[in-house]
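>>> Quick one: sequence plus predicted model below, questions after.
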Amino acid sequence: MHPHENASERRLVEVWGDTADTTHLAWSIAIGAAVSLTCYWAASRLLAAVVDSPELARAYAMLAGLFGCLVAGLICAMLFKPKRIVVENETGQTAARLDALRKLAEDAGGIGPIHALPPVVVAELRELQLLELFHSPEHPGAAPASAPVAQALAQRQAV
């Protein structure tokens with residue numbers, strides 16, 4: 001993979017909720033099959049000579065094949081880096097956050113006032129840029145940022 005390649009030039013597909021390059025996916029399948037079958041066949045031959053019961057030898061050989069799948073997964077993870085590009089969309093996040101706050105407000109007891117929170121929590125909310133969301137007019141259960149609440153927040157921030 002060349003760093004100057006554009007992501008739109010590659011063929012990307014979604015597999016089990018993750019993004020994969022079709023070429024790398026094909027190589028991963030081939031590597032997985034080769035490594036796991038090699039482990040299975042090698043263990044099968046080795047154990048057939050050592051173990052008295054063929055059923056037990058076959059069972060342990062299958063276990064070795066599963067181990068080969070794990071090894072193949074590690075090999076592919078090192079060879080092929082993730083293809084997804086994470087872009088934070090403020091509009092989508094705000095809508096999702098408002099929906100989450102609405103659901104929290106519907107729970108028994110609601111969200112409660114911000115000034116009742118410990119200073120550490122208020123600082124963390126501010127750091128994560130979530131404090132304003134609790135004061136937003138779109139949030140049905142949020143109390144407006146009145147003067148006493150703002151004053152209490154300022155006092156807690158100074159602490």
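Looks like it came in fine. Numbering: from 1, shown residues only.
>>> any idea how far Asp99 is from Gly32?
Here the criterion is CB to CB, to the nearest Å. By it, Gly32 lies 39 Å from Asp99. In this view, the C-beta of every residue, glycine as well, is placed from N, C-alpha and C.
>>> care to break the protein down by domain?
12-79, 88-106+114-136 (the TED database).
>>> Quick check: the gap between Lys83 and His24.
Lys83 sits 8 Å away from His24, taking CB to CB as the criterion.
>>> What of Asp18?
12 Å.
>>> now do Leu117
The value you get for Leu117 to His24, if CB to CB is used, is 46 Å.
>>> between the domains of the chain, which has the poorest average model confidence?
Mean pLDDT values for the domains of the chain show the minimum at domain 88-106+114-136, a mean of 75.
>>> chain center to that domain, what's the gap?
On the basis of CA atoms, centre = their mean, to the nearest Å, domain 88-106+114-136 sits 21 Å off its chain's mean C-alpha point.
>>> likewise stretch 27-37?
In terms of CA atoms, centre = their mean, the centre of stretch 27-37 is found 25 Å from the chain centre.
>>> ok, now which ones touch Trp27?
Trp27 sits next to Cys76, Leu79, Phe80 when contact means CB atoms under 8 Å, 6 or more residues apart in numbering.
>>> Show me what counts as buried in the one helix or strand Gly32 maps to.
Under the criterion of DSSP states H and E, Gly32 resides in helix 22-50. Going by neighbour count (16 or more other CB atoms under 10 Å), the buried part of helix 22-50 is His24, Leu25, Ser28, Ile31, Gly32, Val35, Ser36, Cys39, Tyr40, Ala43, Ser44, Leu47.
>>> Let's have these in a markdown table, adding distance to Ser53.
Shown next, in a markdown table, are these (distance: CB to CB, whole Å):
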| residue | distance to Ser53 |
| --- | --- |
| His24 | 41 |
| Leu25 | 39 |
| Ser28 | 35 |
| Ile31 | 32 |
| Gly32 | 29 |
| Val35 | 26 |
| Ser36 | 23 |
| Cys39 | 20 |
| Tyr40 | 17 |
| Ala43 | 15 |
| Ser44 | 13 |
| Leu47 | 10 |
